[in-house]
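S.K.: Sequence first, predicted model second:
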Amino acid sequence: MHPGICLSEKKEVHFLSIPEGKGTYVYGPDVGHFIRRPYDLNNPHHWRWYRSLFGKCGNKVCGEITPVYSVLDADRIAVVKEHLPDLKLIYIMRNPIARAWSGVRKELWWRFHMHPHEVSSPEALMRMAMRPQVLACGNYADVITRWETHYPNRILYLFYDDIMVDAQDVLRGVCDFLHVDRGPLETAGGHSERVNDVPTDDIPPAVRSALAAYYAPQLPFLEQKFGRSFSHWI
């Protein structure tokens, strides 16, 4: 809504994240199927299509939101850097246990219209929560290390915890990072409805313990880098 910022009409474009010939599983209220997108970062025609997403942005700061970009491998990030050397990145981190459990709940609801407590066995829930692709999204230390190798000093790190405490202050930091006016924030109205919301369900203790054991080793790295405690996550 900021008059100085222009985003792609569609969220989660996935242009950078899918090598040619591969696909991704996309979850959402109107999708839930395996799709193949022939995005080839070595094809100039594909880059022209990507730039066309921002053709109406003019001189505004333009960008898009695709969370799965965070888990790109080092080789893919290197290719992105060749094409977008001046890219700025905003990376929001959430309690990785809560993030993983949210993903499980969304997958069950969108694909099967099921609550976690309706799954027949605890082992099935554990397998869903501990899948490599789920765990990778909460490996913040790995994500930071990979991206900073190619984009040092061009990443704004934010925390979901801080958004819950003072969202306006977080937005001011985003404006400063993007060099846009803070002014429009002062009159902007908030949104009370949740986006892509699914029914709540408590995480089973065994799943919580398994995720906590997996993510705990990265806490010293995060605490040293950001100078704050994350023990409440675990």
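M.R.: Okay, I see it.
S.K.: okay, which residue is most central for the protein?
M.R.: For the chain, the residue lying nearest the average C-alpha position, counting by Cα atoms, centre = their mean, turns out to be Pro67 (2.5 Å).
S.K.: Now do the helices in this structure.
M.R.: The residue ranges that make up the helices of the chain, judged by DSSP state H, are 44-52, 74-83, 96-112, 122-129, 132-136, 140-150, 160-165, 167-178, 205-215, 219-226.
S.K.: Could you point out which of those sits nearest Asp197?
M.R.: Taking Cβ to Cβ, helix 96-112 is the member of the helices of the chain nearest to Asp197, at 9.2 Å. For the C-beta atoms, the positions are set from N, CA and C on the backbone; glycine is no exception.
S.K.: Can you list the low-confidence ranges for the chain?
M.R.: By pLDDT under 70, the weakly predicted segments of the chain are 18-38, 188-191.
S.K.: Could you report the neighbour count for Pro3?
M.R.: Burial of Pro3 is recorded as 10 neighbouring residues (other Cβ atoms under 10 Å).
S.K.: What of Val104?
M.R.: 22.
S.K.: Report the contact partners of it.
M.R.: Taking Cβ atoms under 8 Å, 6 or more residues apart in numbering as the criterion, Val104 is in contact with 116, 125, 128-129, 134.
S.K.: Run through the residues that contact Leu156.
M.R.: With Cβ under 8 Å, 6+ apart, Leu156 has these contacts: 88-91, 173-174, 177.
S.K.: if I look at the residue nearest to the centre of the chain, how far off is Arg94?
M.R.: Going from Pro67 to Arg94 by Cβ to Cβ, to the nearest Å gives 10 Å.
S.K.: what bridges to Ile156?
M.R.: No, residue 156 isn't Ile; it's Leu. Going by DSSP bridges, Leu156 is paired in beta bridges with Ile90.
S.K.: Relative to Gly183, how far out is it?
M.R.: 20 Å.
S.K.: and what of Asn95?
M.R.: In terms of Cβ to Cβ, Asn95 sits 33 Å off from Gly183.
S.K.: Over to Met126?
M.R.: When distances are taken as Cβ to Cβ, Met126 and Gly183 turn out to be 49 Å apart.
S.K.: Can you pick out the residue with more neighbours from those two?
M.R.: Relative neighbour count places Met126 above the other of Met126 and Gly183, with 16 against 12, counting by other Cβ under 10 Å.
S.K.: List the contacts of that one.
M.R.: Neighbouring residues of Met126 by Cβ under 8 Å, 6+ apart: 206-207, 210.
S.K.: Any quick ChimeraX command for the buried ones out of those?
M.R.: Remark: buried members of the contacts of Met126, expressed as a ChimeraX selection using 16 or more other Cβ atoms under 10 Å:
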select :207,210
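S.K.: which among the contacts of Met126 gets closest to Pro3?
M.R.: Pro3 lies nearest to Val207 out of the contacts of Met126, by Cβ to Cβ, at 43.8 Å.
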